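1. Return a 3D structure for these sequence lines:
(one chain, ligands or ions: 1)
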Amino acid sequence: MSDASRLNELRAEVGRVAATPLSRLVSADPARAGDFALKVGPVYANFARQYYDRDAVRWLFRAAEAAGSAQRVRALFDGETVNVTEGRPALHTALRGDFSHAPVAHEAHREALKARARMRATIEALEASEVTDIVSVGIGGSDLGPRLAVDALSGPKPGRFRVHFLSNVDGHAAQRTLAGLDPKRTAALLISKTFGTQETLLNGGILRDWLGDSAGLDGGRLYAISANLERPAQAFDIPPERILPMWDWVGGRYSLWSAVGLPIALAIGMDGFEQFLSGAAQMDAHVLQTPLEGNLAAWHALTSIWNRNGLGYAAQAVLAYDERLKLLSNYLQQLVMESLGKSVKLDGSPVGEDTVPVWWGGAGTDTQHSFFQALHQGTSIVPADFIGVVRSDAPYPQNHRALHANLLAQTEAFANGQRSDDPHRAYAGGRPSTTILLDALTPASLGALLAMYEHSVYLQSVFWGINAFDQFGVELGKQVASKLLPALAGEAQAEDPVTRELLARLRG
Ligand SMILES: O=P(O)(O)OC[C@H]1O[C@](O)(CO)[C@@H](O)[C@@H]1O
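-> Numbers count the residues shown, from 1 in each chain. Here you go, the predicted structure:
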């Protein structure tokens, strides 16, 4: 079926469904409250408040089947060249489990195990040293996942190490990160798949100089994690035993499961990191082995397609009702928007449908007091993923009950709205949401949740026929920035007249 006829069919489904308000769809079919829900290990997800009905869901699964979803998932796990524009596989699943007999995937898993052994040895060496603080230097995929997991999983009691993150090229970031740290008790991890990223090289240089002589060949407190094993040695004199590998078959935003996750393992221990991987592997096994209709990632992906292409919603919110998950939306922004922010298909032809919506979010209940007004009464409808945690280890049960009350209240209010004779006080309702609940926030449940999102992203890319694993869109800005560096130093002029004017202002 062509993209155009698929889109026409989808719109016909939407036209039929949208004739009935969301609240009435639910009240007419109350069994959907349980039927539109799945539980995979520690992750429960309920899609009953999405604005579709059973026939629409059936249509979505048929369309996903026709797009070859099941075969493409197998191809991902088998290490086929799913990243066609860069000619390589995307084997993040091999970092978590041995799912395939295909030699390339199997070999990748063996490499991952070897790297894990090196991570463990590195942690033991650091534990035996006087180091108390770790500064993780990296950006994008070399930062957001580890930063989220460390923030989410570090318990209330201090661990063996305090882990800090430095990403932004703005020198204030380095200044703030280093303030209060003792170079003699700090180790730095320079994390960069390419080891060519401007921010990481500049901040890495600051760390090397700040650590001073003791970080040199015999000091042992400057580490690198990279797929480029030569550059850290050349540019930073880091010896091979302090360079941990990653590989070109892992995308940056899918790399937190590799040695890029060393900050996580330092914060929660290597055993905790292994549990994080096991949780992801549990989700992998589910996604690989479960037919689409019972497949959590497929439900999530098809819901996103319905909201984007069917209902035409241009934004998506992720609202974590757990303070420890406040960085989840930052992480998902890169995962989703860098993967799906494409307008051409694998063969270079234009995509026939809209692709990724704008993803953003934050933590409830704070966000209720910032942007929820617009979500309740604004003219744009923004579907939302609400994430909650069933069991809390916080010592204030009354707060946890209040948190849950707010989570439930918001999804209900979004869906059902409330009539009023006063238009200012009326709530239209019809705002769709998915509620995702983790049994508890543990390394395993977080791993499973993030793997679910990864697979949802991949399945959306399969539906649209786009490549989820390249990111050429971010290159142009980098190229222009490097051309402008001489102009900022006063050694050249900018060609673009507006840039010239702004440059004059910036140079004072
Ligand atoms: O790990 P690296 O090579 O420093 O790249 C950092 C990030 O830069 C990007 O290439 C683009 O911003 C991301 O995809 C990547 O995660």
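2. What separation do you get for the most centrally placed residue in the chain and residue 140?
-> The residue lying closest to the centre of the chain (C-alpha atoms, centre = their mean) is residue 332, at 3.2 Å. Distance, residue 332 to residue 140, using C-beta to C-beta, to the nearest Å: 13 Å. In short, each C-beta sits where N, CA and C put it, glycine included.
3. Mutual contacts of the two, please.
-> Common contact partners of residue 332 and residue 140 (C-beta atoms under 8 Å, 6 or more residues apart in numbering): none.
4. Hmm, residue 272 is touching residue 265, no?
-> Yes - counting by C-beta atoms under 8 Å, residue 272 touches residue 265, with 7.3 Å between them.
5. And these two? Which one has more around it.
-> Taking other C-beta atoms under 10 Å, residue 272 and residue 265 do not tie; residue 265 has more neighbours (24 against 19).
6. Return the per-residue confidence for the more buried one.
-> Looking at residue 265, its pLDDT reads 98.
7. What of the one 10 residues further on?
-> According to the prediction, residue 275 has pLDDT 98.
8. Which strands or helices does the helix or strand where it lies pack on?
-> Element membership for residue 275 (DSSP states H and E) is helix 270-289. Contacts defined by 3 or more C-beta pairs under 8 Å, 6 or more residues apart in numbering; DSSP states H and E place helix 270-289 against strand 37-40, helix 69-77, helix 103-127, helix 144-153, helix 262-268, helix 296-305, helix 443-464.
9. any chance of these in JSON lines, with distance to residue 368 too?
-> Output for the helices and strands packed on helix 270-289, formatted as JSON lines (distance: least, C-beta to C-beta, whole Å):
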{"stretch": "strand 37-40", "distance to residue 368": "24"}
{"stretch": "helix 69-77", "distance to residue 368": "36"}
{"stretch": "helix 103-127", "distance to residue 368": "39"}
{"stretch": "helix 144-153", "distance to residue 368": "21"}
{"stretch": "helix 262-268", "distance to residue 368": "29"}
{"stretch": "helix 296-305", "distance to residue 368": "23"}
{"stretch": "helix 443-464", "distance to residue 368": "22"}
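10. Tell me which of these sits nearest to the ligand.
-> Among those, helix 144-153 comes nearest to the ligand, with 7.9 Å by C-beta to the nearest ligand atom.
11. can you state the direction angle for the closest one and helix 270-289?
-> For helix 144-153 against helix 270-289, the angle by axes from the mean of the first three to the mean of the last three C-alpha atoms, to 10 degrees is 110 degrees.
12. hmm, helix 144-153 touching the ligand?
-> No - Helix 144-153 lies out of reach of the ligand by C-beta under 6 Å from any ligand atom, never closer than 7.9 Å.
13. just to revisit the earlier point, against residue 380, how distant is the residue nearest to the centre of the chain?
-> Counting by C-beta to C-beta, the separation of residue 332 from residue 380 is 20 Å.
14. Name the residues of the chain found near the ligand, please.
-> Contacts of the chain with the ligand, taken as C-beta under 6 Å from any ligand atom, map to 139-142, 192-194, 197, 200, 252-253, 338, 471, 474.
15. who touches residue 64 in this structure?
-> Taking C-beta under 8 Å, 6+ apart, we find residue 64 in contact with 292, 298, 301-302, 459, 462-463.
16. what do you get if the cut-off is 7 Å, keeping everything else the same?
-> Residues counted as contacts of residue 64 (C-beta atoms under 7 Å, 6 or more residues apart in numbering) are 292, 298, 302, 463.
17. Tell me how many other residues surround the nearest residue to the third one once chain neighbours are set aside.
-> I take that to be residue 302. Among residues not flanking residue 302 along the chain, residue 60 sits closest, at 4.1 Å (C-beta to C-beta, 6 or more residues apart in numbering). When neighbours are counted by other C-beta under 10 Å, residue 60 registers 24.
18. give me the element residue 60 is part of.
-> Element membership for residue 60, per DSSP H and E: helix 54-66.
19. What's the local residue count around the residue in the stretch 351-500 of the chain that the ligand sits nearest to?
-> Nearest to the ligand in the stretch 351-500 of the chain, going by C-beta to the nearest ligand atom, is residue 474, at a distance of 4.1 Å. Counted with other C-beta under 10 Å, the neighbours of residue 474 add up to 10.
20. Which pLDDT value belongs to it?
-> Looking at residue 474, its pLDDT reads 95.
21. Kindly report the same for residue 268.
-> The model reports residue 268 with a pLDDT of 97.
22. ok, it touching residue 153?
-> Yes - with contact defined as C-beta atoms under 7 Å, residue 268 reaches residue 153; the gap is 4.9 Å.
23. all strands for this protein, in order.
-> 37-40, 43-46, 133-137, 162-166, 186-191, 222-226, 243-245, 315-321, 358-363, 384-391, 433-440 (DSSP state E).
24. Using a markdown table, lay out those together with mean pLDDT and mean neighbour count.
-> Below are these laid out as a markdown table (pLDDT from 0 to 100; neighbours: other C-beta atoms under 10 Å):
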| stretch | mean pLDDT | mean neighbour count |
| --- | --- | --- |
| strand 37-40 | 98 | 18 |
| strand 43-46 | 98 | 21 |
| strand 133-137 | 98 | 25 |
| strand 162-166 | 98 | 21 |
| strand 186-191 | 98 | 27 |
| strand 222-226 | 97 | 26 |
| strand 243-245 | 97 | 21 |
| strand 315-321 | 98 | 23 |
| strand 358-363 | 98 | 19 |
| strand 384-391 | 98 | 21 |
| strand 433-440 | 98 | 20 |
